[in-house]
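K.L.:
Structural data only, the sequence is not supplied:
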């Protein structure tokens, strides 16, 4: 049995429009950003944990009224805005998403 832990610092996926635009060149339309992905499994355990610290979707078009489509309000990089957080807890980061899968072995 051995522990397994994978950490991905960040991932960005950008949607680019390659049609002729007013600017006359390719333009970025949408950006998806995922930061600090952690996947871990303890030795001899049937439990796998995954967490994502930050997730954001941005509208990159120049005419966008709302350039940030989605981002976590009080988790990830914005953990300090949580209700009830104090300066002592400001250093505690709360992941945007935390999932746990635990396999149950059935016996017959």
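P.N.:
Nice, thanks for sending it over. These figures come from a predicted structure and were not determined experimentally.
K.L.:
Could you list the low-pLDDT ranges of this protein?
P.N.:
Scanning the chain for pLDDT under 70 picks out the ranges 20-24, 84-91.
K.L.:
now with 80?
P.N.:
Scanning the chain with the threshold set as pLDDT under 80 gives 1, 19-26, 80, 82-92, 105-108.
K.L.:
ranges for the strands of it?
P.N.:
Taking DSSP state E as the test, the strands found in the chain are 4-17, 27-41, 47-59, 68-70, 97-102.
K.L.:
Just put those strands in a markdown table and tack on distance to residue 78.
P.N.:
(C-beta placed from N, C-alpha, C; glycine too.) Output for the strands of the chain, formatted as a markdown table (distance: least, C-beta to C-beta, whole Å):
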| stretch | distance to residue 78 |
| --- | --- |
| strand 4-17 | 16 |
| strand 27-41 | 12 |
| strand 47-59 | 8 |
| strand 68-70 | 12 |
| strand 97-102 | 14 |
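K.L.:
Of all these, which one comes closest to residue 81?
P.N.:
In terms of C-beta to C-beta, the element of the strands of the chain nearest to residue 81 is strand 47-59, at 13.2 Å.
K.L.:
Out of the strands of the chain, which gets nearest to residue 76?
P.N.:
Across the strands of the chain, residue 76 has its closest neighbour in strand 47-59 (3.6 Å, C-beta to C-beta).
K.L.:
quick one: residue 55 and residue 73 touch, right?
P.N.:
No: between residue 55 and residue 73 there is no contact under C-beta atoms under 8 Å: 11.8 Å.
K.L.:
Settle it for me: which of these two has more neighbours?
P.N.:
Between residue 55 and residue 73, residue 55 has the larger neighbour count (other C-beta atoms under 10 Å), namely 18 against 9.
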